[in-house]
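Engineer: no letters, just coordinates:
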């Protein structure tokens, strides 16, 4: 669904409902105060004292003025726009898909109107805009900064959610390192723990399940690698890890079948029979169970429970990705 995710749509609807031409009284109060601090008419260098950033630009240029008295210093001064105007323009650009322009508007608020309510709102929107642009590390950095500055704000839950989404979007295929999967799980779990009743909790749980399935898939990929090379003990370690640690993922079904194969190859028939028994109990109609049953039959064996096996305990926890 590209960037037009459900969470993006929900957030944009929230922003539209908050946007108005007259804005909020409190936001206007911040804006009037900000305008008094930053508005000026440029008639000389001395009247830029209220804008320290402007002074830094004009001081070296003032030295050049003696050589050319006609130099127009005003073109080096950033235009100070009202914060509400910048914010609404940022939202309009974001809604129209002009993400670069939106990012510039939100950045201008942070630069021109710091420590205002507008700056707070612009910061979380800048994080969201960078997420939409695919600048995930920048989005994470801005969202973390937001939560540091405004830990109790109404949008704090969404800032944490942006962090989780940004890690989630960086999850690679199972052939590559899965550090992003682990970070996504940790970030989404923080959303759940901090804001259990928020509108982002259900999606956070869903994405945790997806990321956990990815981690299990990585273990399966390594386990199959060892199995193909007949390094059965190393393979069993990986498949067992999937059954014990990722019992609620889709990978557990194949992991049990691979355990039957690896145990049978080592002559550990009791463990092979137990793995097949757990597989048949949880996935009786699966092709993996049919193949495992056929393998045991080829040696005159059948699935059989073994209460002393580690599989007896692990098997009770298997949900096969249903939770």
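Structural biologist: On my side now, so go ahead. Treat the numbers as computed from the prediction; the structure is a model and nothing was measured.
Engineer: surely residue 182 meets residue 218?
Structural biologist: No. Applying CB atoms under 8 Å as the test, residue 182 and residue 218 come out as separate, 10.5 Å apart. C-betas here are computed from N, CA, C, even on glycine.
Engineer: more neighbours: these two, which one.
Structural biologist: residue 218 (21 against 16; other CB atoms under 10 Å).
Engineer: hmm, that one is touching residue 174, no?
Structural biologist: Yes. Between residue 218 and residue 174 a contact is recorded at 4.7 Å, counting by CB under 8 Å.
Engineer: in this structure, where's the longest helix?
Structural biologist: The longest helix of the chain (DSSP state H) is helix 201-228.
Engineer: residues near residue 95, how many?
Structural biologist: Count around residue 95 with other CB under 10 Å applied: 13.
Engineer: per-domain residue ranges of this protein.
Structural biologist: The record's domain split for the chain, according to automatic domain parsing, is 6-39+47-65+76-132, 219-315.
Engineer: the longest one - what's its average pLDDT?
Structural biologist: Here the mean pLDDT over domain 6-39+47-65+76-132 is 70, rounded to a whole number.
Engineer: what about residue 156, distance to residue 133?
Structural biologist: 22 Å (CB to CB, to the nearest Å).
Engineer: out of these two, which sits in the more crowded spot?
Structural biologist: residue 156 (18 against 15).
Engineer: I'd say the more buried one and residue 150 touch.
Structural biologist: Yes. Here residue 156 reaches residue 150: they are 6.4 Å apart, a contact under CB under 8 Å.
Engineer: shaky segments in the stretch 201-323 of the chain?
Structural biologist: 320-323 (pLDDT under 70).
Engineer: which residues of it fall in helices?
Structural biologist: With DSSP state H, counting those that start in this stretch as the criterion, the stretch 201-323 of the chain has helices at 201-228, 232-245, 252-266, 269-282, 287-298, 310-315.
Engineer: in this protein, which residue is closest to the centre?
Structural biologist: residue 165 (2.2 Å; CA atoms, centre = their mean).
Engineer: need the three-state assignment for it.
Structural biologist: helix (DSSP: H, G, I helix; E, B strand; the rest coil).
Engineer: excluding sequence neighbours, find me the nearest residue to it.
Structural biologist: Computed as CB to CB, 6 or more residues apart in numbering, the closest residue to residue 165 that is not its neighbour in sequence is residue 131, at 6.1 Å.
Engineer: any idea how far residue 281 lies from residue 145?
Structural biologist: 50 Å.
Engineer: over to residue 118?
Structural biologist: Taken as CB to CB, the span from residue 118 to residue 145 is 16 Å.
Engineer: quick one on the thing from earlier: measure the residue nearest to residue 165 to residue 159 for me?
Structural biologist: 11 Å.
Engineer: for the domains of the chain, which one sits closest to residue 207?
Structural biologist: Within the domains of the chain, the stretch nearest residue 207 is domain 6-39+47-65+76-132; the backing value is 9.9 Å (CB to CB).
Engineer: next up, phi/psi of residue 174, please.
Structural biologist: phi -70, psi -10 (degrees, to the nearest 10).
Engineer: wait, it sits on residue 214?
Structural biologist: Yes. Using CB under 8 Å, residue 174 is in contact with residue 214, at 6.5 Å.
Engineer: between those two, which one's more packed in?
Structural biologist: residue 214 (23 against 18).
Engineer: how about the more buried one, what does it touch?
Structural biologist: Residue 214 sits next to 171, 174, 178, 181 when contact means CB atoms under 8 Å, 6 or more residues apart in numbering.
Engineer: of all the residues you listed, which comes closest to residue 250?
Structural biologist: Using CB to CB, these come closest to residue 250 at residue 174, 12.3 Å.
Engineer: can you report how many residues lie near the closest residue in space to that closest one that isn't next to it in sequence?
Structural biologist: In space, residue 174 comes closest to residue 217 once its chain neighbours are excluded; the distance is 4.1 Å by CB to CB, 6+ apart. Neighbourhood size, residue 217 [other CB under 10 Å]: 21.
Engineer: next: the one 5 residues further on.
Structural biologist: Residue neighbour count, defined by other CB under 10 Å, stands at 17 for residue 222.
Engineer: equivalent analysis for residue 121, please.
Structural biologist: Residue 121, neighbours per other CB under 10 Å, totals 23.
Engineer: tell me the contacts of it?
Structural biologist: Contacts of residue 121 by CB under 8 Å, 6+ apart are 87, 155.
Engineer: what's the answer for residue 242, then?
Structural biologist: Residue 242 neighbours (CB under 8 Å, 6+ apart): 216, 219-220, 223, 249, 251-252, 255.
Engineer: let's see that with 10 Å instead.
Structural biologist: 215-220, 223, 249, 251-256, 258-259 (CB atoms under 10 Å, 6 or more residues apart in numbering).
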